[in-house]
Every structure is written in C-alpha cells, then in structure tokens.
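In: When you get a sec, could you give me coordinates for this:
(2 chains)
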Amino acid sequence: MEQKKRKTSIIEKKNEVIGSLKNFGTHIYDQLDRGTFPTISMPSRSTENINYDPALRQFVLGEKSVSRSARNIRHVKPFTQLSWAAMFSKELTSQRKTSTLRDVYYSAQAYEMTFTDQQESNNIITDLETLTGFAREDFNIFPEERSAIFGDLTIAYTVPGYEGKTLNLTSHPDGVLIGPALTSAEFVSTKADKVIAIEKGALFTRFIEENVHNKHNALLISTSGQAPRQTRSFIRRLHDELNLPVYIFTDGDPWGMHIAMVIISGSANAAHLRELNTPDAKWSGVWATDIVNYKLPTDPLDEEDIKRLYELQKDPRYKEDPLWEREIKTFLKIRRKAEQEAFSRYGLTYIVDEYLPTKLEETK
Amino acid sequence: MAQATFEEISASDFFYRNRDIAGFTNPSRAIFAAVRELVENSLDAAESLRIPPDVYVRLSFEGGVSKETQVYKLRVEDNGSGITPRHIPSAFGQVLYGSKYKLKQQRGTFGLGGKMAVLYGQIMTHQPAYIVSSTGASKIYSFRLMIDIQRNRPVIIDRKVLINKDQWHGTIVEFCLEGDYLRAMPKIIEYFKQTAMVNPYANLTFVDPKGRLYKFTRATTEMPEPPKETLPHPYGVDVELLQRLIQITPYKNMLEFLRHHFHRVGGITAQKFLVFSGLVIASCPEHGTLLPDQVNWVEGKPTCSRCGKGVKLGSSKKPKRLSHEEIVRLMQNLKKFKEFLPPDASCLSPLGEELLKAGIMKELKPEYLVVHQRKPSTYAGHPFIVEMGIAYGGEVPKRGNFIIYRFANRIPLLYDEASDVSFKVINSMNWRRYRVSPDMPVAIVVHICSTKVPYKTVGKEFIADRPEVKREVANALREVSRQLQHFLTRREHVDKERKRLGIFAKYLPKIAQFSKNLAEKERLPDIEKLLKSVQKYGAEET
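Out: Residues are numbered from 1 along each chain as shown, chains lettered A, B, ... in the order given. As a prediction, this is how the structure comes out:
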C-alpha cells in the first residue's frame, strides 16, 4: 500500500516537472503573441541574497529577484538559451532520456545556440533550476561524477525497458552506481537500519570486504570525495522514505569535515533548491578529537588547511551544533590531520571492529 | 711653415666638392635625387603652360661598376614649355643659372637640381648629356653637352636642329649616371606614387631597368591656379636685398621706393613707416618737431597728438644716399613696424580641396576622406598655406602607426620624416580626444606651399618647425580630425544599431520556436510586431 503511493510520487514528480516547463513556455508564448517582449523573473542567486535558514537547516534564497527581458539586448541571448534549455529538458523528461551538462553544451550547437563555454551552459541550467525550483536531475540532466551504494536494499526501476524490474543492492560486490536509473527507482524493501556514507572509495571497498553491512546492518555509500548532488538527494530519500539514520565518515581534516557538512546542510550553490540535504545526518568521524584519542599517525595542517578552518568558523552552518566548533578548535590547536586509512596502524580490521562501533554509538 | 694658398672656385666646382648638400649623398640617394629633380622640372615646365603634364621617365641599365653601383641611363621626357635654344646650354650646363629665382611658388627653388643631376652624371661616367627641346615653334634643337666644372660653363659637343612638324613642345633629357637602383627602388616608386597624389592632373610613366612599367594616370584635367610673381614683403628682407633694390631703383624718394619695391605697402603705410623709423620728420605748427609716437593718424592723415592739428611731414633722403648704417637700421625697422599688411597668397598655388581629394582618392582609395585648406598665413614675411587630408579605411593599410604623406609645393618629402614639423605635430596631438588611435588604418596628407618653404637642408627633405607653420599644421590637423571623429562616431552608431538588430532578428524567432514547442502550441507566436518595434531605431541608415 505504502509502496504504491511512493511509485506514484515518482511519476507525479515527473508530471510536475513537465508541467512547470510547459507553464514557462506558455508564459513566454503568450507574451510574444501579444506583441510584448517576454519577461521572466526569478530569485536572485547573488551572494547577498543567499541566507542560512536555521529552520530548514540549509541555505535559501532571499526576497531579491532578478528579471530577464528579451527587450534588453544583453538579455536576449541568455533568454533564448534559457528557453532552449527548457525545451531540451522537457524533451528529455518526457522521452525519459538522460543527459549530462557536457551533453547540454554540445546539444545546443545543433540549434545554432552555441554557448561560449561550459560555464555559460551550466549557468543557464542553474537558471532553469531557480526558475522552476526543480533540480537538473529532475530534468534528467545528470552530472558526470558518480558514487556507489552497497547493502541490503531492494529497488524497482522506473527507467524505460526496466520498469518494475527489481534489484537487491548487495548483488554486486563493487557496489551499484548511484546513477539516473537508481535515483529514479522506487524503494521496495530493506533490512538495513542505518546508512553509512564514506568519503573514500578504498575504505568503502574495505567495509564491504569486512562485511560491515552485515555486522552493522547498514547500507554503505561511497561519496568519492564531495558527494554529487544526486547522491545527496538519494541519501535524503533513504532518510525520509525509509527512516534510516545517516552516519558520515570522512578524513580527519577541514575538507573531510566539509564533505559531511554539505551532505547535512547543503551548499550555498544549491540555495535555490530543496531536499538535497539531510539535516539529521551525523558526522561520525574522523574528528580532530579522534586523532588525539586514538593517537593516529598524522600530517601537519598546511596553510590552505588553516585558512579553510578559519573560513569554516565563520560559516553559519557550523554554528548549528557545538560539535563543529569544538572540532575546528581542536584542529587549530593540534595543527595535525589524519586520513581514514590512518587506523591501519592498529591492523586492517581495527577500524571496523573497534572504531566504527564506538563512533556509531557515540553519534547515535 | 707652409704658406696657405688661396684660390677661387666656381659654383659648379663648389657643388662638385659638396654634392652631399644637394642630396647626392650615396649611389642610392643619387639616383633618387636625379629622377626627382628632373621630374619636378618637367612638372613645372608643363604647369607654366597650364597644360596637364605628361612625364615619361625611363631608367635603363648600362653596365656594372661594382657590387653596389651600376651605370644607368636616365631619360626624362615632358610636354612642358620647352627651353629656347640659346638658354639650353646654360640651363643644363651651368650651375645656379635658372628661371627660378623669383618670388612665386615653384617646386625647385635653388635652380640647382637638374644641373646637379647632370653634373653628378658627368663626374661619375664622364659622358655628355643629351638634351632635346622645343617651345612648340618651327624647330627642335638637340644638344650634346658637358660642363666645364672649373669654369662653370657649358661645353657644347654637338648641336642639331630638326624641323618641328607636329609643333611638339617639351624637353627630353638623357644622361648616364652611377647609382644603386635596387636600393633606391622603393623610394623611387613611392616618389612617383606620392607625386601622383598631389598632382592628380599629371600622367606619370616610369619604366625601370628591369622593364617594369609603372603608370600613374591622371584623374582630372583641372589644374590649380598658377601662382603670380610677387614683390618681397618688408618682414622678409635683409640688408643684401635692400642694397640690391637701392642699386636698381629708379625712384628718387623713400616713399616711392617703399611703395614700388615691396609687397602690400601703399602710400599711407609707407608714410607711417617713414615717420615711425625717423626717416621723415613730422612737425606741428604749434609744437614744433614731433617724435614718432607724438603723431596720430586720423583717416590716413598725420595729426599732432597734443593739439590735434595737421602735421607737416618733411622730405626723405634719396634711397641711393642712404649710408650703410642707415640701411641696416631700415632693415631692422622694417621688421619692427607692426602695421604692414600680411602678404597675400596670390603668389601661392595651393592644390585646393577638390584636387587634393581627387589625388588622395586615386592613390590611396580610402573608405573615408576629408580634406581641409587653411587660410593663407605668413612666417617671416613669406606667405604659406597648409592643406591637410586625412584618409581612413579602404585600401589604407594598418601599420600600427599613422601613415604620413608630406608634401611641400607639390613635391613629396620622403626622407627624415621624424624631423619634420608635421611628424611632431601629429605625434604630439591628443588623439584620444578624437577617438582615433594609431592602430587604425589612417593616412595623413600634409601639403605646405609657400614662396619659401622652410626647409632645413638643400636636399629638401623636411620642414623646420617654425612656430607659425606648426600652428597652422596643428589647426588643420584638428579640423580634419574632428571630421574623422564625426565619421567614426556615426559609423560606430550605425554598426551598433545593425548589430543590435541582428541580435534581435537572430534570437526572437528562436524564442518563438522554443516557446511554441514548450507550450505545445500549433502555430508560432506572431513576432513581426516586435521585430518592427526594434527596427524603427536604426532604420534611417543602412
């Protein structure tokens, strides 16, 4: 019963996306047909209009809006690009095909709509996201980078040719790519009671080898560094739809800390979008205090690291939980950092048998 | 101690020893100078008859001398006035003999160029020059002659008389000279091109030693007004000139002397000057003898500044009685007196805006051209006129620097550009104000004509920066630059409009197409109205 409801939610969302693109088109069409220059307005994405919303626990766009008019000689080209991007997205979505940002850049050339560079076409897609409130993944435009998932979760595909087919995500020992087919799949069933996101692919593989998914009854996700947006949105779905707590393991340095933060509170770049973050997710390690407590082998923090720590100290997202403040301070005090692999000094299984359970308990 | 020996040398001997000062510096300069001097004589000869010049120049290879120098035969033919037979030998065989020692605008001014070329040819190859000329009368005279350099006399080797059936008039000069044509070639070709530019009514033909033909065809048969001969202006005289005039004058008093021998000096001006300079004493019936500044001039009559009564003027000395000191003081006073009228420009023959335009159009083929002629002005008693043209785009090349064409009395100046007054004026101008920059395809043409062009050297390469000349050049340049600026601004505006329209015309139909697809409509929205509304801005110019 509940499953059926979810299934329609995926299809409903598709229809919503198509509907909003059509509305956008009609808006322009009607203005043109009336003999007026089409104009659109959308929230401004400039830095001063990005605010942190403590209730949503993510960045949001403020009241300021910008308008684009085809009357303005400087706007007419981006305006055309935007309507092209909308049309292209609508075709992708309704034909259930996927594309990438790079693909968008090249496809435009078929319409004599050359973008100057990749950045320009990326910006137009972000405009479209802002305008409609949907992420580009909803328009079937996916980034190139991909991460993987492994664990006892059965999904049912909705992509053409695979509709209704199910797959258990333990079926491949390397994990399953978190790509368009997976992110558009419905969740069927799971025995897992938590999600563990891991920064590094090597450790992800170690965890699978060491049977962490069984020992801790977890779904394992490799973020491969900074988690791609679709992975972040997928983690959010795992949390929301399956009520699974999320634990994040990263390297013990400012960059690893921030990888966890983006999964939890999202990024300023995606302030115009919702549900890409999982505010209840927990950063379980490697903390600066862990480096001290576990006497891990370390490297000194370099200048860039220190600079980054001071930046993070000012970031509103880091003021949510005293944990962050404490860890930043500890980093600045010890001036050392440690990688996840550092636990190997205590033997290959130490991290799985000793460290992980302790930390899961600690951040529960 | 050796005794110094004194000897007199003739004018041709002097130039034989000092040929550098006339431009015959080295084999490549020499061949250029020879061509140029003879072409200029030919142009002057045709213009004196007011007929459009036809000048034919041929340079043919005669044999090698060394790696750099070869012997060439130079032949120049024109359709000019020709020379009467009794003057032919001296005109070509006697240095500083000529028809150009008069105060009017002419190309040659020293009466030196043609002879110098012949002289140079002779000293290097020791061959006679061959001259054929006729004034259009029944006979044609041909001479073979050489110059006796030490005595500055022509030596006639051979003389022939032919019947002139066709009433041909003109002059043919042919002689051999040493030179380096390969190195001189670029300058010679440039010389012809530029000569064609300021003489758009002339046909110039040049056949070079390799047999290549360069033809510059006239674009018009209109010719500028010929200059009138003029008297010297009081500001421009020196003691020597005054002495010569005093020697030849038939007039018995200073008033008549001043009136008849000087440019723009009338009776009243002469009287004022004589009182001013103390050559005539004024006396008042009431106050006696007056100082020059106690005399007022009311409607041309001298009055006493104290009582206002008419003043009696004494008589002046006879010019021939003036002492040497008095002549020197006269010259100084002539320069000090402020009331002489400036020289008029009837003795000048500027090209005129139309002809200058035709010439530049013909040779540079620019996209845009503006020319401007300044009003006559003077420096040191010599009248001059500046004519200026500025050409933009078209076939004017981009060189990263303005291309400057300099002319004086319708002859191109090709050497020492950086020392020329025009170069200095052009380079010190604030071009940003005119929105013109040196990397644009811009050519600037400066023509200065004067009875005495202020050259710095006998070689006639560049013009000295006299403040009066500099000011006129700068003013002319500002005028044409202003107009070029208008043109550029207007064109930029039109370009911008066209580009703007292009952008709307390109993108609006696409927006229409995309929105039709997005909105799932059957027909395209009507964007004609929109396209029309953007068009009305730039529709007047296309």
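
In: what's the neighbour count on B:Arg17?
Out: If you count neighbours by other CB atoms under 10 Å in any protein chain shown, B:Arg17 ends up with 10. Where you see a C-beta, it was placed from the backbone N, CA and C, and this is true even at glycine.

In: low-confidence ranges in chain A?
Out: Scanning chain A with the threshold set as pLDDT under 70 gives A:1-8, A:144-145.

In: In it, which residue sits closest to chain B?
Out: Residue nearest to chain B within chain A: A:Gly25 (2.3 Å; CB to the nearest CB).

In: wait, is that residue part of a helix?
Out: Yes: per DSSP: H, G, I helix; E, B strand; the rest coil, A:Gly25 lies within a helix segment.

In: Around chain B, which positions in the stretch 1-150 of chain A sit nearby?
Out: Counting by CB under 8 Å from any CB of the partner chain, the stretch 1-150 of chain A comes close to chain B at A:21-22, A:24-26, A:28-30, A:32-33, A:35-38, A:70, A:73, A:76-77, A:79-80, A:83-84, A:86-87, A:90, A:111-113.

In: which parts of chain B sit against chain A?
Out: Going by CB under 8 Å from any CB, the residues of chain B near chain A are B:500, B:503-504, B:507-508, B:510-512, B:514-521, B:525-527, B:529-530.

In: residue contacts, the residue of chain A closest to chain B?
Out: Neighbouring residues of A:Gly25 by CB atoms under 8 Å, 6 or more residues apart in numbering or on different chains: A:83, A:86-87, A:90, B:514-520.

In: Mind listing what's buried along stretch B:487-498?
Out: Going by neighbour count (16 or more other CB atoms under 10 Å in any protein chain shown), the buried part of stretch B:487-498 is B:487-488, B:497.

In: Convert the C-alpha atoms of it to CSV, please.
Out: This file holds the C-alpha atoms of stretch B:487-498, laid out as CSV (Å, rounded to 0.1, in the frame of the first residue of the first chain):
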residue,chain,number,x,y,z
PHE,B,487,32.5,59.9,-39.3
LEU,B,488,33.8,57.3,-36.9
THR,B,489,31.2,58.0,-34.3
ARG,B,490,28.4,58.0,-36.9
ARG,B,491,29.7,54.7,-38.3
GLU,B,492,30.1,53.1,-34.9
HIS,B,493,26.5,54.1,-34.1
VAL,B,494,25.2,52.6,-37.4
ASP,B,495,27.3,49.4,-36.7
LYS,B,496,26.0,49.2,-33.2
GLU,B,497,22.4,49.5,-34.5
ARG,B,498,22.9,47.0,-37.2
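
In: how near is the residue in the stretch 201-350 of chain B that chain A sits nearest to to A:Ile259?
Out: At 43.8 Å from chain A, B:Ala219 is the closest residue in the stretch 201-350 of chain B, using CB to the nearest CB. B:Ala219 is 79 Å from A:Ile259, where distance means CB to CB, to the nearest Å.

In: between those two, which one's more packed in?
Out: Looking at B:Ala219 and A:Ile259 with other CB under 10 Å, you find the greater number of neighbours at A:Ile259, namely 21 against 17.

In: Assess the claim that A:Glu137 and A:Arg232 are in contact.
Out: No: A:Glu137 is not in contact with A:Arg232 according to CB atoms under 8 Å; the separation is 10.2 Å.

In: what's near enough to touch the spatially most central residue of chain A?
Out: In chain A, the C-alpha nearest the mean C-alpha coordinate belongs to A:Arg229, at 2.4 Å (CA atoms, centre = their mean). Shown in contact with A:Arg229 (CB under 8 Å, 6+ apart): A:135, A:137, A:143, A:270, A:276.

In: so B:Ser515 makes contact with A:Pro38?
Out: Yes: using CB under 8 Å, B:Ser515 makes contact with A:Pro38 at a distance of 7.5 Å.
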